[in-house]
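this one's structure only:
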């Protein structure tokens, strides 16, 4: 599910109570996120669609805040 913010699309999930994206945060594209999380293209988009990874869409480009990548990496490390 997406939330329109001007030309920016913020992907959220129905389960999320609050969405916080710091505009000063650095962003990664999908390729960089794939490398950082060591997953494939489809997995990144599945995580976004499931609400497990916050992403913004700007001008046709899907971008993921670096803080979000770090949050997901910490969660996955705790599961191991």
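Thanks, I have it. Note that the structure is a prediction, hence the values are computed from the model and not measured.

quick one: buried residues of stretch 36-44?
37, 39, 44 (16 or more other C-beta atoms under 10 Å). No exception for glycine: its C-beta is placed from N, CA and C like everyone else's.

quick check: residue 41 touching residue 33?
No - at 9.6 Å, residue 41 does not count as touching residue 33 under the criterion of C-beta atoms under 8 Å.

so can I have CSV of the buried residues of stretch 36-44 showing pLDDT and secondary structure?
Output for the buried residues of stretch 36-44, formatted as CSV (pLDDT from 0 to 100; DSSP: H, G, I helix; E, B strand; the rest coil):
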residue, pLDDT, secondary structure
37, 96, helix
39, 96, coil
44, 96, helix
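
just checking, what's the longest helix in this protein?
With DSSP state H setting the assignment, residue counts place helix 66-79 as the longest helix in the chain.

so what touches that helix?
With contact meaning C-beta atoms under 8 Å, 6 or more residues apart in numbering, helix 66-79 is reached by 21-22, 25-28, 33, 36-37, 47, 52-55.
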